[in-house]
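Asks: Fold the following and give me the result.
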Amino acid sequence: MLRHADVVSARLELAAGQLGEIVAERGARLRVGAFPSALATVVPAAVAQLTLEQPETRVDAIEGTQEELAAGVRDGGLHAAVCFQGAAQPRREHEGATREDLHEEPFAALLPRGHRLAGTGPVRLADLAGDVWVAPSREGLIARACRAAGFEPAIRYVSRDPLANRALVAAGLAVTISPSELAAELHGIAVAEVREAPRRTVYALLPDAGATRLARAFVAALVR
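Replies: The predicted structure is shown next:
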């Protein structure tokens, strides 16, 4: 009974917050969260489109981990969030939120311009087994893809910042793989297609009850 009461209390608190925003006439405000590379690619394009169509809209955007973003949507701190997961992983659902898949994208290899494989055409992950790597974590999608390719990556640099990762690659200190949309925005490095590349699914989260008009419009802009 206590567990049920906790759930009911949380939902009532969320509903009160949503109603409070309507009463306070803050319906033109949108709070969104996303992971770093989405903030560098799809989120700015969607926000620009939304604010062009609805100039009165005020958007606040923050970066977060997948867990932080899902919690923000569930608890009402965020109206919407953009998340991802490896396409080969079991579909991830989040309590208190509704998921809408946006698209899948493959990963590309990021190499120093002087790398032995730069400019040679498509590469295999196994071709990079002897290189030093940079990745957002030592246990995430990149590490799993390397292990599936038959080797343990030497991840000596851990960073979630795309610009920091680009700089490490450009300096000749590491290699990595990156979502293709983000890779196209990075300069001063070599980008190579990856044979049998890992893929990720990008998806949006909305609260499973009380999603605002602007939040739905934002997700529609992401789809477009």
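
Asks: pLDDT below threshold where in this protein?
Replies: Scanning the chain for pLDDT under 70 picks out 4-27.

Asks: Can you pull up the most central residue in it?
Replies: Centroid-nearest residue in the chain, with C-alpha atoms, centre = their mean: F35, separated by 3.7 Å.

Asks: Name the next helix or strand downstream of the longest strand along the chain, please.
Replies: Residue-count comparison of every strand in the chain, with assignments taken from DSSP state E, identifies strand 97-111 as the longest. Using DSSP states H and E, the helix or strand that directly follows strand 97-111 along the chain is strand 132-135.

Asks: to the chain's geometric centre, what's the distance from that following strand?
Replies: Here strand 132-135 is found 19 Å from its chain centre; the criterion is C-alpha atoms, centre = their mean, to the nearest Å.

Asks: start the count at 23, not 1, going forward
Replies: Sure, I'll start numbering at 23, so the last one becomes strand 154-157.

Asks: And the helix or strand following that strand, what does it pack against?
Replies: Moving toward the C-terminus from strand 154-157, the first helix or strand encountered (DSSP H and E) is helix 163-170. On a contact count with 3 or more C-beta pairs under 8 Å, 6 or more residues apart in numbering; DSSP states H and E, helix 163-170 meets strand 102-108, strand 154-157, strand 198-201. Where C-beta positions appear, they are placed from N, C-alpha and C, glycine not excepted.

Asks: List the strands paired with the first one, with their directions.
Replies: Spelled out, it's strand 102-108. According to DSSP bridges, strand 102-108 forms sheet pairs with strand 51-56 (parallel), strand 221-229 (antiparallel).

Asks: got a list of contacts for that strand?
Replies: Residues from elsewhere that reach strand 102-108, judged by C-beta atoms under 8 Å, 6 or more residues apart in numbering: 52, 54-57, 60, 64-65, 86, 88, 91-92, 94-95, 113-114, 119, 124, 163, 166-167, 220-228, 233, 237, 240-241, 244.

Asks: Compile the strands paired with strand 102-108 into JSON lines and extend it with columns for mean neighbour count.
Replies: As requested, the strands paired with strand 102-108 are exported to JSON lines (neighbours: other C-beta atoms under 10 Å):
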{"stretch": "strand 51-56", "mean neighbour count": "24"}
{"stretch": "strand 221-229", "mean neighbour count": "22"}
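
Asks: now the ones you listed in JSON lines, with distance to A131?
Replies: What follows is the strands paired with strand 102-108, written out as JSON lines (distance: least, C-beta to C-beta, whole Å):
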{"stretch": "strand 51-56", "distance to A131": "24"}
{"stretch": "strand 221-229", "distance to A131": "14"}
